[in-house]
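> Sequence and predicted model, in that order:
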Amino acid sequence: MSQSNDEHHDTHNDPHNETDAAIISNNVSLAALDISATDSIDDEILDTFYHREHLLPVMRATLEYVNARVNSGLILPYFEDIDAELWQEKSKALDLYITDSIEGRALNLEARGKDYATNILSYPSDLPIAVIELMPTLPLGELIVCHEVMVREAKEQDKTVAQHISHLLIHGILHLLGFDHELGQAEQDEMESFEIDILARLNLANPYV
């Protein structure tokens, strides 16, 4: 499903790699995050747990990591037909919607046929490559977060809600790129390794230990 090249390459004192890194950094800084919520999610919850200043660095770290891996040969399943250089050039946009357990349950039933509220649902943009090539900003899609489930799971897993939200945001973005841990053990291991690496860059602990 995806290909990666883990061969170590020393980037020190290499002007080409420094240029690549600058391009990645500049493009990632153009990441756009639109956050909205259902009426039952009040402003205090949004400001405490879903403030753009808290979540945008997580989105940027995820995209920066993915961009670096694309440069090393990683293929993004939902964007495999787009030229890697074109992927790097485009800024990325993400919609994040915060909901409650009632709406979350209904959405999960509609999307996945499962009659309970889940932590996060991903809706990829699913645009044709020909359309994406014409767009200055590449829409990744929408993530729907059920806040009540996030709070409950964080307590069960003995972590802060902020830590859990950061992890699930990374998890959701990877889903929007086409990675899917439900396809098999190899896919699960790959996706989890990406999440662990990105969280480490944010000085957050491995959630799988």
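Arrived safely. Numbers count the residues shown, from 1 in each chain.
> Kindly indicate whether I41 is helix, strand or coil.
Taking DSSP: H, G, I helix; E, B strand; the rest coil as the rule, one finds I41 in the coil state.
> partner residues bridging the closest residue to it other than its chain neighbours?
Excluding its sequence neighbours, the residue lying closest to I41 (C-beta to C-beta, 6 or more residues apart in numbering) is I98, at 4.9 Å. Placement of C-beta: from N, CA and C, glycine included. Beta bridges link I98 to A37, V145, judged by DSSP bridges.
> For the residue nearest the centre of the chain, which residues are in contact?
The residue lying closest to the centre of the chain (C-alpha atoms, centre = their mean) is I173, at 2.0 Å. For I173, the contact set (C-beta atoms under 8 Å, 6 or more residues apart in numbering) comprises 59, 62-63, 94, 140, 143.
> repeat that with 10 Å
Going by C-beta atoms under 10 Å, 6 or more residues apart in numbering, I173 touches 58-59, 62-63, 65-66, 92, 94, 122, 140-141, 143, 179, 194-195, 198.
> Of the residues you listed, just say which sits nearest to N108.
Lowest distance from N108 to those (C-beta to C-beta) belongs to S122, with 11.6 Å.
> how much space between the residue nearest to the centre of the chain and R60?
Distance of I173 to R60, computed by C-beta to C-beta, to the nearest Å: 11 Å.
> Identify the contacts common to those two.
Jointly contacting I173 and R60 under the rule C-beta under 10 Å, 6+ apart are K92.
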